[in-house]
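J.: here is the input, now give the coordinates:
(chains A and B, ligands or ions: 4)
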Number of protein chains: 2
Amino acid sequence: MKIVIIGGVAGGASAAARARRLSEEAEIIVLERGPHPSFANCGLPYYVGGEIASRDKLLVAPVAMLRQRHRLDVRVRSEVTQIDRDNQTVSVHDLDSGKTYIESYDKLIIATGASPFRPPIPGIESSRIMELRDLGDADRMHEAATARAKQAVIVGAGFIGIEVAENLVRRGMHVTIVELADQILPPWDREMAMPIEAHLRKHGVDIRLNESVQAFEETEHGLTVQLQSGETLSADFAVVSIGVRPESQLAADAGIKCGERGGIRTNAQMQTNDPNVYAVGDVCQVSCFVSKATVQIPLAGPANRQGRIAADHIFGRMSAYRGTQSSAVVGAFEMTAAMTGLSEKLLNRAALNYEKVYIHPSDHAGYYPGATQMTLKLLFDPQDGAILGAQCVGTNGVDKRIDVLAIAIQAGMTVYDLEEVELCYAPQYGHAKDPINMAGFVASGVLRGDQPIVHLDTLHPSTRDEPFLLDVRTEQEFAAGHIPGATNIPLETLRERTGELPVDKKIVAYCQVGQRGYMATRILIQRGYEAANLSGGYRLWSNSMIDRAD
Amino acid sequence: MKIVIIGGVAGGASAAARARRLSEEAEIIVLERGPHPSFANCGLPYYVGGEIASRDKLLVAPVAMLRQRHRLDVRVRSEVTQIDRDNQTVSVHDLDSGKTYIESYDKLIIATGASPFRPPIPGIESSRIMELRDLGDADRMHEAATARAKQAVIVGAGFIGIEVAENLVRRGMHVTIVELADQILPPWDREMAMPIEAHLRKHGVDIRLNESVQAFEETEHGLTVQLQSGETLSADFAVVSIGVRPESQLAADAGIKCGERGGIRTNAQMQTNDPNVYAVGDVCQVSCFVSKATVQIPLAGPANRQGRIAADHIFGRMSAYRGTQSSAVVGAFEMTAAMTGLSEKLLNRAALNYEKVYIHPSDHAGYYPGATQMTLKLLFDPQDGAILGAQCVGTNGVDKRIDVLAIAIQAGMTVYDLEEVELCYAPQYGHAKDPINMAGFVASGVLRGDQPIVHLDTLHPSTRDEPFLLDVRTEQEFAAGHIPGATNIPLETLRERTGELPVDKKIVAYCQVGQRGYMATRILIQRGYEAANLSGGYRLWSNSMIDRAD
Ligand SMILES: Cc1cc2nc3c(=O)[nH]c(=O)nc-3n(C[C@H](O)[C@H](O)[C@H](O)COP(=O)(O)OP(=O)(O)OC[C@H]3O[C@@H](n4cnc5c(N)ncnc54)[C@H](O)[C@@H]3O)c2cc1C
Ligand SMILES: Cc1cc2nc3c(=O)[nH]c(=O)nc-3n(C[C@H](O)[C@H](O)[C@H](O)COP(=O)(O)OP(=O)(O)OC[C@H]3O[C@@H](n4cnc5c(N)ncnc54)[C@H](O)[C@@H]3O)c2cc1C
Ligand SMILES: CC(C)(COP(=O)(O)OP(=O)(O)OC[C@H]1O[C@@H](n2cnc3c(N)ncnc32)[C@H](O)[C@@H]1OP(=O)(O)O)[C@@H](O)C(=O)NCCC(=O)NCCS
Ligand SMILES: CC(C)(COP(=O)(O)OP(=O)(O)OC[C@H]1O[C@@H](n2cnc3c(N)ncnc32)[C@H](O)[C@@H]1OP(=O)(O)O)[C@@H](O)C(=O)NCCC(=O)NCCS
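T.: Ligands and ions are numbered 1, 2, ... in the order given. Prediction:
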């Protein structure tokens, strides 16, 4: 068996290593265009920022190790320029010698990844416009950031844009992010991205939303960046991080079927339309685990596992890829944002029914020092309660809750299951009723009709049917800030003061996080009022209202 | 509807609060013997140690809040002395006035918890023998630890014993733990408790295993503690933490059915044999979620949720308790140990079939600073791969992995599912192949026969069939320490040196953590050798060999 693998990093190297474990006899050739296989793509921003001090750390499995330990025929600076499926060969361009040769295969694995998208903006070809995909890119950015650069413009506020922003700030640079959408982290729901946005701003990052770059222009010592709005920014360099495109041209040219957005199509065993050709990682399209729609989501975990699955299938093991769930996490200074499954935005786009709840629990028991508040948004099926997605933002314990919910989604659990799950508890780690249970309580209450809620986005003042807005927090909390038009009756006195409420209007109660608002609705509904709780409370409202001019 | 609740902390207060939310009209009386309802039991050790500086923090829901917000009739210092089921009344002894009165109920909820077991040791009645259950206990211990005490003896090395030990050390005291078993954390598997034991010793805690107290004797300024071994310790005070017993006498006296170990029996709605009487929390026996056996596991999460379930059932909601899973976590200085499901010990006791694997991953990517190593033990069904239990010990990310596995157990997932789960990844949070995936890979490999393993406990030198022990680490690693009798052939050279191996013996390969050992077995098996990997590797071996005299 002779296996040729194109691309030697996350998906390719994993396929190769697994193939070797399954077969000592197979001939396994890894063809990698760059100078290093198996490097830590995900660590690149932190090398730029100095958090990862040594470049060597990024070489997860150096060539020598892959050769000795896994007996892999790793060939770096070797670009595959053509696939000939009829003859089962590839053309390899040796970038050092400049020569091209033919290599045959029994099975071919395409793991070419995805390359940063470079929009056709005037001036984009300048050497001062950078992107961050490989070690060469990281070296250039590292050099610029440590040598002399003072200002950078980052185009695109996705995960990589945010990570690069944080790391350039760490280097003492002034960073401006230019983002076309009206929020950072565009696939996220806006209100969940806002706390991270505010936090980045607090750390000095200048964020321009609803904005785009019209042109780059080199100056004597730098770059000017012309924005759509007319403004001009100056920078030592710019970083373009507006997404990636599957490197599938090679495959497409060989008649390997690709989807509309360029990703290679495969079955669950990662086989393409040619049974001798597999494709894994960012170069593939995948199905969304939740919606089953075809998507393209570049993530290291899926790439690694797909590589393993392809190797499995070659050697007769029927492991199957189950679809990508979009589990992802990003750090920004001391904050963390994580998600799994679908966002509300994507549920809407997929025209799927959903309900949502927000809670703002602390990461561990409030009575133990150091507790920090997080915001957790849970999206679920209004019919059967199946969990569809979750987003969480906060300081500590965020990745833990999203990982737990990621498993719950994998297992097909419902919000009723979350009520009952038993997580480990001691005061420095969580709660006797963990945020996960709490999200289950709230969501189940909503579905059972015990906890009617309304959402901020349906609260926008309308002339007809305007509800009576009831703030049940303390007088002090109310005085410190409230939603315009609200009347204050603290929860503790509500039972005595229901006479002050209109009987002909729906009452929307709210508190700081949602819990007292819920208790107020319990009191009111049982007294015959039509009442609902504003999910997420004042905190969510104020998050969404953050004045960006601040 | 008139509901009377006996006991006003975790289970009782939760039942009361939920009942109020479900019914504004119900009369809800909470009878609590102590001076405070709703206090943070789990925080007590940290108040003793000063980590929680203010005692007020421990009063999670003060009486005034329960009265005003939840309109509960909370009566503290009110001990129920009798239950009369025929007349549906309880006798209440008002500890302040000394008077006793009768209170009727429609539904009764018993949430009396469990009290620390005081063994019948001579001298146990001394006021210098403490336990830690309530605020009064904490006050006494706090006073002793801050005022003058220099030395303490703790009897029992369970969760509470360890937490108290840590906190007394924080107060500058010298602490000796006396434990009857041959390990700390007795329900745990020994090799998984050893790293915490070693860590406690490193922090100066003197741990005496296989040891018990024969007698306590008061001296002029303290206490002498006579040990079974003949030794005598002196101490300012002793803490007895050898487990708790359900406070079920009151119930038993009223004909409420209890199990063999004293816990009240209930159905899944927490109803006792009397449909008007519910029992929740530590006073109950429960079924083990995994083995379905009857167990008694005192945990705050289950107590809280059971309280909620009892209230639900009273008001016609059919939520059901699913059994207790033993998810628990304990911190000891900067280390964490957590578990969920059954330990190997308990699986053996239940005579259940199982297989186990050990891995030692880091909490996050090794190339990102601050990664720390953990040991994760996964127990699973050898037939279908169902996850039966997990234990994890390390510095960071331990509670996260156990919570994820707790959900996996709840969901009935198998080790094959763990291979495929998609957790969120960025280098400061985890791995592209998270420890959870990795445990899945290893366990699935074992079940598929791709990864034959042997365990330390079957490796003990036997005269017949002694395997050939092959250390595949580097020469330097081997020189620094190896398992007696092992031969060193580094993995990188193994393919060339198989000639040095005996052909008539089973070969047991090992490395530091298990991964290279596995690769070695892949090489050997495919060359016709009978080979297996020593699960957990040299690290587990050396953990188990820690010289306790150190
Ligand atoms: C800066 C950065 C940060 C990231 N952070 C995270 C994170 O925190 N979490 C996360 O989950 N994911 C993260 N990712 C994404 C993750 O790295 C990718 O999803 C993953 O590496 C995809 O693996 P792959 O094998 O498909 O492609 P890659 O790892 O990109 O490997 C593809 C390789 O193929 C080679 N190649 C391409 N064409 C050819 C050819 N014709 N011939 C030979 N070789 C070729 C390329 O040189 C490349 O090295 C990050 C990515 C970047 C760039
Ligand atoms: C020091 C300590 C640390 C702990 N740490 C953890 C931890 O980290 N994680 C975890 O999950 N669990 C922990 N626990 C266990 C957890 O606190 C219990 O499982 C939980 O509190 C049980 O709840 P409960 O309502 O059944 O009983 P309790 O919370 O004990 O409440 C029972 C109440 O009933 C009252 N009562 C008893 N009899 C009568 C009567 N006849 N009349 C009136 N009132 C009566 C008692 O005064 C008591 O206040 C810890 C416990 C202790 C003591
Ligand atoms: C380095 C690299 C080549 C390793 O690939 P790999 O050998 O398949 O993966 P790992 O090193 O994680 O090892 C996993 C294997 O070791 C086994 N293993 C792990 N720990 C073990 C233990 N303690 N005992 C026994 N086996 C163990 C697993 O079962 C698995 O083997 P299997 O697939 O045959 O079941 C590949 O992951 C890579 O190139 N990574 C860098 C690039 C990258 O991922 N970038 C994106 C993220 S920054
Ligand atoms: C304090 C105590 C009385 C609170 O009981 P409780 O009100 O049932 O519990 P919580 O405060 O956690 O609130 C949970 C309720 O608020 C709701 N809720 C929580 N956050 C919410 C939000 N953001 N929006 C709407 N509702 C919310 C939940 O749905 C749940 O209501 P439900 O049960 O009707 O569904 C009880 O937990 C207690 O006594 N604790 C201290 C003792 C103890 O547990 N000790 C052991 C651990 S140290």
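J.: any idea of the mean pLDDT in stretch A:322-329?
T.: Stretch A:322-329 comes out with an average pLDDT of 98.
J.: so what touches it?
T.: Residues outside stretch A:322-329 that contact it (C-beta atoms under 8 Å, 6 or more residues apart in numbering or on different chains) are A:159, A:187, A:268, A:286-290, A:292, A:295, A:297, A:299, A:301-302, A:336-342, A:389, A:398-399, A:402-403, A:406, A:409-410, B:420, B:422-426, B:429-430. For the C-beta atoms, the positions are set from N, CA and C on the backbone; glycine is no exception.
J.: which parts of chain A sit against ligand 4?
T.: A:359, A:432-433, A:438, A:441-442, A:445, A:513-515, A:518 (C-beta under 6 Å from any ligand atom).
J.: so which of those is the closest to ligand 2?
T.: residue A:432 (6.3 Å; C-beta to the nearest ligand atom).
J.: how about the residues of the stretch 451-550 of chain A by chain B?
T.: Counting by C-beta under 8 Å from any C-beta of the partner chain, the positions of the stretch 451-550 of chain A adjacent to chain B are A:491-492, A:495, A:516, A:518-519, A:522-523, A:526-527.
J.: filter these by proximity to ligand 3?
T.: Within those, nothing lies near ligand 3 by C-beta under 6 Å from any ligand atom.
J.: mind checking which of those residues are buried?
T.: A:491-492, A:516, A:518-519, A:522-523 (16 or more other C-beta atoms under 10 Å in any protein chain shown).
J.: which one of those is nearest to ligand 1?
T.: For these, the nearest to ligand 1 is residue A:518 (36.1 Å; C-beta to the nearest ligand atom).
J.: not counting sequence-adjacent ones, nearest residue to that closest one?
T.: Nearest non-adjacent residue to residue A:518, counting by C-beta to C-beta, 6 or more residues apart in numbering or on different chains: residue A:533, 4.7 Å away.
J.: in the stretch 351-500 of chain A, what residue is nearest ligand 3?
T.: Counting by C-beta to the nearest ligand atom, the stretch 351-500 of chain A gets nearest ligand 3 through residue A:399, at 15.8 Å.
J.: got phi/psi on that residue?
T.: phi -60, psi -40 (degrees, to the nearest 10).
J.: count the neighbours of it for me.
T.: Using other C-beta atoms under 10 Å in any protein chain shown, residue A:399 has 26 other residues around it.
J.: per-residue confidence at it?
T.: Reported pLDDT for residue A:399: 98.
J.: could I get the phi/psi values of the closest residue to it other than its chain neighbours?
T.: Leaving aside its chain neighbours, residue A:399 sits nearest to residue B:429 (4.6 Å; criterion: C-beta to C-beta, 6+ apart). In terms of degrees, to the nearest 10, the main-chain angles of residue B:429 are phi -120, psi -30.
J.: can you pick the most crowded of the residues of chain A next to ligand 4?
T.: residue A:518 (28 neighbours).
J.: distance check, whichever residue of the stretch 151-300 of chain A sits closest to ligand 3 against residue A:167.
T.: Closest residue of the stretch 151-300 of chain A to ligand 3, C-beta to the nearest ligand atom: residue A:300 (3.6 Å). Look at residue A:300 and residue A:167: by C-beta to C-beta, to the nearest Å, they are 18 Å apart.
J.: how about residue A:226?
T.: Distance from residue A:226 to residue A:167, by C-beta to C-beta: 25 Å.
J.: more neighbours: those two, which one.
T.: Between residue A:226 and residue A:167, counting by other C-beta under 10 Å, residue A:167 is the more crowded of the two (24 against 17).
J.: gap between residue A:224 and ligand 4?
T.: Noted for residue A:224: a distance of 47 Å to ligand 4, by C-beta to the nearest ligand atom, to the nearest Å.
J.: just residue A:335 next, same as before
T.: 20 Å.
J.: surely that residue is in contact with residue A:193?
T.: No. Using C-beta atoms under 8 Å, residue A:335 makes no contact with residue A:193, being 11.4 Å away.
J.: residues shared between the contacts of the two?
T.: residue A:393.
J.: all the strands of the stretch 251-400 of chain A, residue numbers only.
T.: A:277-279, A:286-287, A:294-295, A:328-332, A:335-341, A:355-359, A:375-380, A:387-394 (DSSP state E, counting those that start in this stretch).
J.: note down every partner strand of the fourth one and its orientation.
T.: By that I understand strand A:328-332. strand A:335-341 (antiparallel) (DSSP bridges).
J.: and of the residues of chain A next to ligand 4, the nearest to residue B:92?
T.: Residue B:92 has its nearest neighbour among the residues of chain A next to ligand 4 in residue A:432, at 27.2 Å by C-beta to C-beta.
J.: against residue B:106, how distant is the residue most central in space within chain A?
T.: The centroid of chain A falls nearest to residue A:328 when counting by C-alpha atoms, centre = their mean (4.2 Å). Note on residue A:328: its distance to residue B:106, by C-beta to C-beta, is 51 Å.
J.: one more: residue A:399?
T.: On the measure of C-beta to C-beta, residue A:399 and residue B:106 end up 46 Å apart.
J.: can I see the domain layout of chain A?
T.: A:2-115+A:245-314, A:129-242, A:334-448, A:454-544 (automatic domain parsing).
J.: which one is the closest residue to ligand 1 within chain A nearest to, not counting chain neighbours?
T.: Using C-beta to the nearest ligand atom, residue A:281 is the residue of chain A that sits closest to ligand 1, at 2.1 Å. Leaving aside its chain neighbours, residue A:281 sits nearest to residue A:11 (3.0 Å; criterion: C-beta to C-beta, 6+ apart).
J.: give me the pLDDT for that neighbour.
T.: 98.
J.: check residue A:149 too.
T.: 88.
J.: which ones are touching it?
T.: A:173, A:236-237.
J.: so which of the residues you listed sit within strands?
T.: Residues from those lying in strands, with DSSP state E as the criterion: residue A:237.
J.: want to try TSV for the contacts of residue A:149, with pLDDT as columns?
T.: Converted to TSV, those look like this (pLDDT from 0 to 100):
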residue	pLDDT
A:173	97
A:236	97
A:237	97
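J.: quick revisit: the strand or helix carrying the residue nearest to residue A:518 pairs with which strands, parallel or anti?
T.: Using DSSP states H and E, the element containing residue A:533 is strand A:531-534. Here strand A:531-534 is paired, per DSSP bridges, with strand A:453-454 (parallel), strand A:507-510 (parallel).
J.: ok, then the element right after that strand?
T.: By DSSP H and E, the next helix or strand past strand A:531-534 is helix A:537-545.
J.: list of residues touching that next one?
T.: Against helix A:537-545 from outside (C-beta under 8 Å, 6+ apart): A:190-191, A:194-195, A:198, A:358, A:360, A:375, A:456, A:471, A:473, A:477, A:481-483, A:510-515, A:517, A:534.
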